[in-house]
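Asker: I'll drop the sequence and a predicted model, then ask my questions.
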Amino acid sequence: MPRMNMVQAINDALRTEMRRDARVVVLGEDVGKLGGVFRVTQGLQAEFGEDRVIDTPLSESGIIGTAVGMAMYGLIPVPEIQFADFIFPGYDQIVSEVAKLRYRSGGEYSSKMVIRTPVGGGIRGGHYHSQSPESLFIHVAGLKVVCPSTPHDAKGLLIAAIRDPDPVLFFEPKRVYRAAKGEVPAEPYEVPLSSAKVVREGTQVTVVSWGAMVYEAIEAASQAQAQGVSAEVIDLRTLWPVDVDTIVESVKKTGRLVVVHEAPKTCGFGAELVAMINERAFWHLEAPPVRVTGFDTPFPYTLEMEYLPLAHRILPAVLETART
Amino acid sequence: MNDHPDSPLLDPDQTIVRVLGDDGMLDAVHDPHLSDDEIIALHAAMVRTRIIDERLVSLQRQGRIGFHIGSLGEEATIIGSAHALRPNDFIFPAYREFGAALLRGFPLQSYFDNMFGNRRDPARGRQMPDHYTSAKTRFASISSPIGTQIIHAVGFAVAARIRGDDVVTLAYFGEGATSSNDFHNGMNFAGVMRAPTVMLCRNNGWAISVPPQRQTAARSFAEKGRAYGVRYARCDGNDVFAVIRVTRDAVQRAASGGGPTLVECLTYRMAGHSTSDDPTIYRTADDLEAWRRRDPIGRLRAFMVSRGLWDDDKQGELERGIDAEIGVAIEQAESAGPPPLESMFEDVYAAVPRHLQEQREQLLSGPRPSLAHH
């Protein structure tokens, strides 16, 4: 089985789907000859031509809006937004058009598309190359939101997203674009949407995370193990609609919940997860759920490793929760 | 790009294309050469649009529908441009073009079902009145945000070209929308991609209460095309012959690979912005009177009478027929009940996901509001 990093795995998924289905088109800034600023679309224009791998003018609203029209015609656009931090000019198109088109047209039209965008910090990117805006999209009815942590899942989730009938925001954790490596089947396969994965089994604390922070959660769990605390780590993979059953099942076993995410704490997705677990597993809880997150500040440049909820901040939360 | 040799629409001096002269003669250069039957059908569609408008305003005043946003005074722009399309072409509307949808075969009953938001509404009662959808007549779903449809029209047209299909899209918008993000995106993307699309600006003099000179410092809305490398034209939007000629030329040019055109139709919104507006606050009776004399239906009818195509009897018969079909549509629409409760949770996604199934159960098993569905 080939070993790939996440960039290669996503490229492989795009290539696989573009070969399978002539309706799949890629569009965005620098996605053509350059292959994207992270090289995720490298080689696609050479193989599929300028009609299917389109370098667009520099406007996120224009990219998403063009994709809506293409989707209405029956293509399957996969627009790339160069950084999630730059998605906001396209937010009106996503919120007012992409998310609502099926509903407002009584099912006559849909804007099936996969919006790919790199997300997250830890790459010395400052405010505008580091943010994690996932909850701003989870909050909008009609969107699905995905964030893989491994090359294997990235390929399988992207293929599943491209084949899914609904619009999907596909957040790619750029901190592990090249750092995460693993075996990726050469053939096409789907990792089903809305299926979380227990990536480390444990008995005393449930740690829920996604994207690049999954590795931090695993590291913290290993360190906790050394101190006699057994933590289970869940990689959500799909954020919305979320696989709440996997979390509930784990929390019923452990009685304790720690949610880890890079985004700011207040109204981050962790708040919703804690509320969902309170609604569904309150009487199984042995301790108050805990959030380990980014702070409610803009994403800082020099102090980014202080801002991020890395293993050194997750570990004490796990230990303290386990001892409550 | 604007000096195409076979185009009569050169616009270096802000020419306004007009066909129907004050003397009742048709300009020989721009005459679109419509048959008598076509002229009679266009007139009927414009009259139908206006009578529907009047009935909907009165229904709103009676409290029987919540809202209407109409096209009083803009019938030539809307009906003429839609008439200029080929059957396979596709409309991306703003929210004032129900006349275009009906002209293309959107059933009057479906339109009225939307006005009442009832269980048979194509939008399933999920949107305000005048926010319908009509895929069968190749007419996109309507949203309220301004200008967003312009860039959709570009993407749709490019997609058709990628698939090798001969489709031209037409995006409608008001002159206020030329200030929006997606007008800029639509123009720029259409220019760069040479999209087979027609961007039709209904310059009706008002964006709610704001006049054109508060939207732009340009000499016209049409000339914005110049900087985008998009061909542009202006026409008398109250002259259905001129609208057809200019739009038809733009459609043919787009279909033959000549790229997009921005068309500015000079017309006038003779009613308020919508039934929620009070235009007496910001414009005078004199303003309106000047445009009343240029009424697009009045001008067309005078021409038809002078050519012996029309008389009072025919007008009476036309109006009675329209009144009758509207009467039936209202009765049917008003008596259909609201959409079923569970429909609230459908079409958010292709299938109803777990969390919406749970919320649906909560709604269905919970208490009902005391306020009636309207």
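Answerer: Done, it's in. Numbers count the residues shown, from 1 in each chain, chains lettered A, B, ... in the order given.
Asker: CA only for contacts and neighbour counts going forward, please
Answerer: Noted.
Asker: Run through the helices of chain B in chain order.
Answerer: Along chain B, the segments classed as helices by DSSP state H run B:36-61, B:75-83, B:98-103, B:108-116, B:148-162, B:181-193, B:224-228, B:240-255, B:285-292, B:296-306, B:312-335, B:354-365.
Asker: Just give me the lowest mean pLDDT stretch among those.
Answerer: Among the helices of chain B, helix B:285-292 has the lowest mean pLDDT, at a mean of 92.
Asker: Just tell me which of the helices of chain B ends up closest to chain A.
Answerer: The closest of the helices of chain B to chain A is helix B:148-162. By Cα to the nearest Cα, the value is 4.0 Å.
Asker: quick one: buried residues of the closest one?
Answerer: B:148-161 (16 or more other Cα atoms under 10 Å in any protein chain shown).
Asker: Burial check on residue 23, number of neighbours?
Answerer: Answering for chain A, as no chain was given. 19 (other Cα atoms under 10 Å in any protein chain shown).
Asker: Let me rephrase: I mean chain B.
Answerer: B:Asp23 has 7 nearby residues by other Cα under 10 Å.
Asker: before we move on, what about B:Glu358?
Answerer: B:Glu358: 11 surrounding residues under other Cα under 10 Å.
Asker: Any idea which residue is closest to the centre of chain B?
Answerer: Centroid-nearest residue in chain B, with Cα atoms, centre = their mean: B:Glu97, separated by 2.3 Å.
Asker: quick one, phi psi at that one?
Answerer: Phi and psi for B:Glu97, reported as degrees, to the nearest 10, are phi -110, psi 40.
Asker: ok, which pair from the buried residues of helix B:148-162 is furthest apart?
Answerer: B:Thr148 and B:Arg161 (21.0 Å; Cα to Cα).
Asker: So what are the sheet partners of the longest strand belonging to chain A and their directions?
Answerer: Across chain A, the longest stretch assigned as strand under DSSP state E is strand A:257-264. According to DSSP bridges, strand A:257-264 has the following sheet partners: strand A:205-209 (parallel), strand A:290-294 (parallel).
Asker: Please provide the alpha-carbon coordinates for whichever helix or strand comes after that strand, formatted as CSV.
Answerer: Later in the chain than strand A:257-264, the nearest helix or strand by DSSP states H and E is helix A:269-281. Taking C-alpha atoms only, helix A:269-281 is exported to CSV below (Å, rounded to 0.1, in the frame of the first residue of the first chain):
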residue,chain,number,x,y,z
PHE,A,269,-18.1,23.7,18.6
GLY,A,270,-16.9,22.4,21.9
ALA,A,271,-19.8,24.3,23.6
GLU,A,272,-22.3,22.5,21.4
LEU,A,273,-20.6,19.1,22.1
VAL,A,274,-20.8,19.7,25.8
ALA,A,275,-24.4,20.7,25.6
MET,A,276,-25.2,17.6,23.5
ILE,A,277,-23.5,15.3,26.0
ASN,A,278,-25.3,17.0,28.9
GLU,A,279,-28.6,16.4,27.2
ARG,A,280,-27.8,12.8,26.4
ALA,A,281,-25.5,11.4,29.0
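Asker: now helix A:269-281, how far from the centre of its chain.
Answerer: Mean C-alpha position of helix A:269-281 versus that of the full chain (Cα atoms, centre = their mean, to the nearest Å) differs by 19 Å.
Asker: and that helix, what other elements does it pack with?
Answerer: Here helix A:269-281 touches helix A:134-138, helix A:244-254, strand A:257-264, going by 3 or more Cα pairs under 8 Å, 6 or more residues apart in numbering or on different chains; DSSP states H and E.
Asker: buried sites along it?
Answerer: Residues A:269-271, A:273-274, A:277-278, A:281 are the ones in helix A:269-281 that count as buried (16+ other Cα under 10 Å).
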